[in-house]
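Enquirer: Sequence first, predicted model second:
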Amino acid sequence: MMKVPGMFSCREVHEHASMGTYDELGMMARIRFAMHLMMCVHCARYVRQLKALGDYARRMLGGQPDPERCERIETVVMASCDGHKH
Amino acid sequence: MAYTPPPEFGTPEFLVRLQRQDRDAIQKVVHEFLPQILRAARGAGLQEHEADDVTQQVFLTFIETLPRFEGRSQVRTWLFGILYHKLREARRGFQKQDKHDDIDETLETRFDDRGMWQNPPRKADNDLWDQQIRKHLEECLETVPERHRLAFVLREVEGLETKEICNALDVSGTNLGVILYRARNRLRECLESRGFEER
């Protein structure tokens, strides 16, 4: 893709996407960001891949831990709490 | 979907009960947040038994320090902060070492002088990808420095806001941006080398 004056470069899009600073952009900058993604297949792919990465990580690591395990730790913590206060 | 703590946790009355180490209030907090702390400890790279121990320590420290808790941050943020300090005490990988990272050099080769892609992300074709994603992602997570991995997990898995992560990890917003930039790109580069395919 050609560098167009006033538009984000691929590198800038890459940085905003991976640093998570997109949310801090103003409305005009968000429009420029979206326009860049419409025109640049590589950046669009990069942003999709980062989103997929987050989705995969949530699916892999985001499940509820075993309730029995949690209960066991909670029991120990609360027993220590009772001991701590006496 | 963003996590919302029970509304009671944000009230001044509940804060006072916590500061007085009220058993019932403590148990509510432990019950609510223990699974999140345990999951984050595992996500940060600890083995199961290590994660259990650290989680237990986090809540014991939480209880001990409650009289000093002023409620300036949310209870959850404070707990993640204690988790981070426990991990720093226990593991060298959680020390601050942000000056140099070889992922920066890899990323330099991706762009030309005008900031355009010269080595764009690949669209790989790998039929086995879906079945192997778990193995690939686990192995790629191992390549991410532990502190960066924790930041990535807090953001992507636990859904913490920037401000919460900055408070928990004691870093500025700019530093957090750099940490997430490196973590995400290291993971993406690793997955690409193994045939990453977006869905």
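Expert: Now that the structure is in, tell me what you want to look at. Quick caveat, the model's predicted, so the values are computed rather than measured.
Enquirer: from here on, contacts and neighbour counts on C-alpha atoms
Expert: Fine.
Enquirer: Quick check: nearest residue in space to the residue nearest the centre of chain A, chain neighbours excluded?
Expert: With distances taken as Cα atoms, centre = their mean, residue A:54 lies nearest the centre of chain A, 5.8 Å away. Spatial nearest neighbour of residue A:54, chain neighbours left out: residue B:156 (5.5 Å); criterion: Cα to Cα, 6 or more residues apart in numbering or on different chains.
Enquirer: picking up where we left off before, which helix or strand contains the residue nearest to the centre of chain A?
Expert: Using DSSP states H and E, residue A:54 sits in helix A:41-61.
Enquirer: Quick check: mean pLDDT of the helix or strand just after that helix?
Expert: Tracing the chain C-terminally past helix A:41-61 and defining elements by DSSP H and E, one meets helix A:67-85 next. For helix A:67-85, mean pLDDT rounds to 90.
Enquirer: Quick one: residues in contact with helix A:67-85.
Expert: B:23, B:27, B:30, B:31, B:34, B:35, B:52, B:55, B:56, B:59, B:60, B:63 (Cα atoms under 8 Å, 6 or more residues apart in numbering or on different chains).
Enquirer: the helices in chain B, which residues?
Expert: Listed in chain order, the helices of chain B (DSSP state H) span B:12-19, B:23-43, B:48-65, B:75-90, B:102-108, B:129-141, B:146-156, B:162-169, B:173-193.
Enquirer: So which of those is the most surrounded?
Expert: Of all the helices of chain B, helix B:146-156 has the most neighbours on average by mean count of other Cα atoms under 10 Å in any protein chain shown, namely a mean of 24.
Enquirer: Report the rounded mean pLDDT for it.
Expert: 94.
Enquirer: And the contacts of that helix?
Expert: A:54-55, A:57-58, B:40, B:43-45, B:93-96, B:141, B:160-162, B:165, B:169, B:176, B:179-180, B:182-184.
Enquirer: Next, count neighbours for the spatially closest residue to residue B:34 that is not a sequence neighbour.
Expert: Excluding the flanking residues, the one nearest residue B:34 by Cα to Cα, 6+ apart is residue A:70, at 6.7 Å. Neighbours of residue A:70 under the rule other Cα atoms under 10 Å in any protein chain shown: 19.
Enquirer: With residue B:54 as the reference, measure out to residue A:70.
Expert: Here the criterion is Cα to Cα, to the nearest Å. By it, residue A:70 lies 13 Å from residue B:54.
Enquirer: just residue A:7 next, same as before
Expert: Distance from residue A:7 to residue B:54, by Cα to Cα: 47 Å.
Enquirer: ditto for residue A:72
Expert: Distance from residue A:72 to residue B:54, by Cα to Cα: 14 Å.
Enquirer: likewise residue B:73?
Expert: 21 Å.
Enquirer: what's the answer for residue B:117, then?
Expert: From residue B:117 to residue B:54 the distance is 43 Å (Cα to Cα).
Enquirer: ditto for residue A:79
Expert: 17 Å.
Enquirer: how about stretch A:72-86: buried residues?
Expert: Buried positions in stretch A:72-86, judged by neighbour count with 16 or more other Cα atoms under 10 Å in any protein chain shown: A:73, A:74, A:75, A:77, A:78, A:80, A:81.
Enquirer: Show me the shaky parts of chain A.
Expert: Flagging of chain A using pLDDT under 70 yields the residue ranges A:1-5, A:84-86.
Enquirer: need the residues of it near chain B, please.
Expert: Chain A has residues A:1-3, A:9-12, A:15, A:18-21, A:42, A:45-46, A:48-50, A:52-58, A:60-62, A:64-65, A:70, A:73-74, A:76-78, A:80-82 near chain B, with proximity defined as Cα under 8 Å from any Cα of the partner chain.
Enquirer: are any of those buried, and which?
Expert: By 16+ other Cα under 10 Å, the residues of chain A next to chain B give A:9-11, A:15, A:18-21, A:42, A:45-46, A:48-50, A:52-54, A:56-58, A:60-62, A:70, A:73-74, A:77-78, A:80-81 as buried.
Enquirer: Residue A:10 - nearest residue in space that isn't next to it in sequence?
Expert: residue B:116 (5.0 Å).
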